[in-house]
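fold the following.
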Amino acid sequence: QVQLVESGGGSVQAGGSLRLSCAASGRRLNGYTVGWLRQAPEKEREFVAAMTWSGGSTYYTDSVKGRFTMSRDNAKNTVYLQMNSLEPKDTAIYYCAADISTGRLTDPSVGGRYRGQGTQVTVSS
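Residues are numbered from 1 along each chain as shown. This next block holds a predicted model:
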């Protein structure tokens, strides 16, 4: 089992930045893909970003490329999502997810085997 706890959400104005953190416990994440999905009110869940823990390969949905960056801290078993140039359309609950399958994590209908409780991000214009 993998437990994921997100933090770092909040409210910012358009153009601002936030850094989300996702601390994992239960097991080391070697061999896993860890990432972020989001869900805005009355919208379907959307894949945002992912990173393979071992190789560090990253994947981003087109709408966040160049603005969002994932990173990890192996010692802390934690991943981060640095979000810059935030826009009102980024407003959503952001969920951290983990899965041994990158495909299952990046498929929003699945969203990974393990997910955290989510953290709210609100961007005002």
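
just the residues contacting the worst-scoring helix or strand of the chain on mean pLDDT, thanks.
Every helix and strand in the chain was compared by mean pLDDT, DSSP states H and E; the lowest is helix 102-106, with a mean of 92. Under the criterion Cβ atoms under 8 Å, 6 or more residues apart in numbering, residues 33-35, 47, 50, 52, 59, 97-99, 110-113 lie in contact with helix 102-106. All C-beta atoms are positioned from the backbone trio N, CA, C, and that covers glycine.

output the contacting helices and strands for whichever helix or strand comes after it.
Sequence order places strand 114-115 as the next helix or strand after helix 102-106, per DSSP states H and E. Under the contact criterion of 3 or more Cβ pairs under 8 Å, 6 or more residues apart in numbering; DSSP states H and E, strand 114-115 touches strand 3-7, strand 92-99.

got a markdown table for these, with mean pLDDT and mean neighbour count too?
Shown next, in a markdown table, are the helices and strands packed on strand 114-115 (pLDDT from 0 to 100; neighbours: other Cβ atoms under 10 Å):
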| stretch | mean pLDDT | mean neighbour count |
| --- | --- | --- |
| strand 3-7 | 97 | 17 |
| strand 92-99 | 97 | 24 |
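
perfect, I'm done here.
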